[in-house]
Structure formats: structure tokens, C-alpha cells
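In: Have a look; sequence and predicted model below, questions after that.
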Amino acid sequence: MNRNRCIYGVLLILWFIVSILTSAMPSDSLLIDNILGYDKLLHAIKFIIFTVILYNFLHYSDWSYTKKLLLYIPLQFYPFLDELIQINIPSRSFSAYDILANYVGVLIGIVVSLSIRVFIYKKRVLL
């Protein structure tokens, strides 16, 4: 088994768990949100990190290109579902701007992942 794939797989699972837990917590219990006050920036950063980890996990996997693309399809709904979780959480609310920040984070994460691959490692862009 590929060591890098294992590392990124564990990071992906841990990041997903932390992401879900922080989305399900009331906002007054999230110190970083109260201290910084940059809610949209935090949403974007969360999804930048998620996307970079996911990209690297898929890059190091031995799955076919088709399987990798099939995994991306349900994950395109994750930024929306992340915000949907917050509807029933006290002091949290559903926000279209948060969803937009989530998707901006995904796009930036893709650009960061591809840029690292192309400019630093001088490799092809395909997964």
C-alpha cells in the first residue's frame, strides 16, 4: 500500500470528522470564530485544506481516473451539506454566503494543488 496514500487518507478522514464536528457546534463555543470574526474566510480556509488533502489522496491512489471522478461528484455537495447541518444548531444559521465561501475555498484548493504539482514538482496536471 502506498505510504503517501495512507497518510493523506488518514488526514482526509480526520479533517472530515473535525469539519463535521465544528459545523455541528454552536458558534458561541467556537473560540476561533469569536476571536477572529472572519467567518467567510474560515469557511474558505476549511475547504482549501480539505481540497488539497483530497487532491493528494486521489493523486497517490491507484484508482482509475473514472473512479476518481466518480468520487468528486458526491463531494461537490459537501460544501452545501456542511452549511445545511447548521440549520438546527443553536446560534448557527444557514447562509448562502457561507456556501459561496465554501465553494470558493474548493476552487482555490484546486488551483493550489495544481499549481504545486505543475510549478514545484514540474509534473503533469492529471490526477
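Out: Yep, that arrived.

In: Setting aside sequence neighbours, what's the nearest residue to the residue positioned nearest the centre of the chain?
Out: The residue lying closest to the centre of the chain (C-alpha atoms, centre = their mean) is residue 50, at 2.5 Å. Sequence neighbours aside, residue 15 is the residue nearest to residue 50 in space, at 5.7 Å (criterion: C-beta to C-beta, 6 or more residues apart in numbering). Where C-beta positions appear, they are placed from N, C-alpha and C, glycine not excepted.

In: buried sites along the helix or strand hosting that neighbour?
Out: Using DSSP states H and E, residue 15 maps to helix 3-23. Within helix 3-23, the residues scored as buried using 16 or more other C-beta atoms under 10 Å are 5, 8, 9, 11, 12, 15, 19, 22, 23.

In: now swap in stretch 63-82 and tell me
Out: Buried, per 16+ other C-beta under 10 Å, within stretch 63-82: 68, 78, 79, 82.

In: now swap in stretch 48-62 and tell me
Out: Quick answer for stretch 48-62 (16+ other C-beta under 10 Å): 48-61.
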